[in-house]
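> Prediction below, plus the sequence it came from.
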Amino acid sequence: MTKDQLFAFAQHITPQKTLSRIIGQVAECENTWVKNTFIRQFIKKYLVDMTEAVNSDPRSYRNFNDFFTREIRAELRPICEGASSIACPADGAISQLGQIKHGTLLQAKGHTYSLTTLLGGDASLSTQFLGGSFATVYLSPKDYHRVHMPLTGKLTKMIHIPGKLFSVNKVTAEQIPNVFARNERTVCLFDTEAGPMAVILVGAMIVASIETVWAGQVTPFSKNVVTWDYQDLNNIEIKKGEEIGRFKLGSTAIVLFGKDAVNWDDALQAETPTKMGMPFGTVIEK
């Protein structure tokens, strides 16, 4: 058994939710010694650049989660201009991107997963994205952990889908099939000038929770799929570059568009580093 296979096997036998719950409690601890120790060690291990943060003093954060979801100085993340320009949703790196072929997305070399399963088993919902485009951004521990709007749109629906909490790093994506469609996740659906758009926030090992700006903490929420319908309200519009939500401990964001809706930037490929707000693609004119 290789090192990578052993890492994947260990995740199968680890009590994922119990471990995540314990780490989540520590991350919310406001004891000065506990939170400062964890923050200091984290910055040292992952070489976090605190000069980018609005609040650059690690000791002033209320707890570890407050530090982890720290706000970045706006001038360091300019939002790409142009009505047809699509903004990158998050700091991190491209995991995979391309076309949704035969109802599947590419996870890693040799691994694909189902669009319908990713969206919680709703075949009618997945129809909107058949033949469309997807992009997956992996947020590493050192990254800025807020996710932002790629394109201005109105919120139509949010779906919480319970699941596992495997790691979502490159090694796991290459070793564990269907990991993004197996992990707990929150699907956010919008109407945009490019048609339907989905931004999917995927949970992972030791992720304490996922929050959205309109609903607060969404995960962990329920053992069943839960849907919030915003279609009739039609008043939650989020501009390109504005925050959608955040991870308390890191994970992955997946963006979906329908067929013939967008073109991804030619410079993007697997493992390309990303910064929130950078040019990500363009809307195809009809």
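Right, received. Where do you want to start?
> In the stretch 101-250 of the chain, what residue spans correspond to helices?
For the stretch 101-250 of the chain, the helices defined by DSSP state H, counting those that start in this stretch cover 115-118, 123-127, 170-175, 179-182.
> Mean pLDDT lowest where, among those?
Among these, helix 170-175 carries the lowest mean pLDDT, at a mean of 50.
> quick one, domains of this structure?
Using automatic domain parsing, the domains assigned to the chain come out as 3-68, 79-283.
> Just name the most buried of the ones you listed.
Mean neighbours per residue, mean count of other C-beta atoms under 10 Å, is largest over these for domain 79-283, with a mean of 20. For the C-beta atoms, the positions are set from N, CA and C on the backbone; glycine is no exception.
> And that one, end to end?
Using C-alpha to C-alpha, to the nearest Å, the end-to-end distance of domain 79-283 comes out at 16 Å.
> from here on, count from 312
From this message on, residue numbering opens at 312, which makes the last subject domain 390-594.
> quick one: stretch 341-354 to chain centroid distance?
Centre-to-centre, stretch 341-354 and its host chain are 25 Å apart (C-alpha atoms, centre = their mean, to the nearest Å).
> CA atoms of that stretch as CSV?
C-alpha atoms of stretch 341-354 as CSV (Å, rounded to 0.1, in the frame of the first residue of the first chain):
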residue,chain,number,x,y,z
GLU,A,341,-12.1,32.0,23.5
ASN,A,342,-9.5,31.1,26.2
THR,A,343,-6.6,33.4,25.6
TRP,A,344,-3.9,30.8,25.9
VAL,A,345,-5.7,28.2,23.8
LYS,A,346,-6.7,30.4,20.9
ASN,A,347,-3.4,32.3,20.8
THR,A,348,-1.4,29.0,20.8
PHE,A,349,-3.4,27.5,18.0
ILE,A,350,-3.3,30.7,15.9
ARG,A,351,0.4,31.1,16.4
GLN,A,352,1.3,27.5,15.5
PHE,A,353,-1.0,27.6,12.5
ILE,A,354,0.6,30.8,11.1
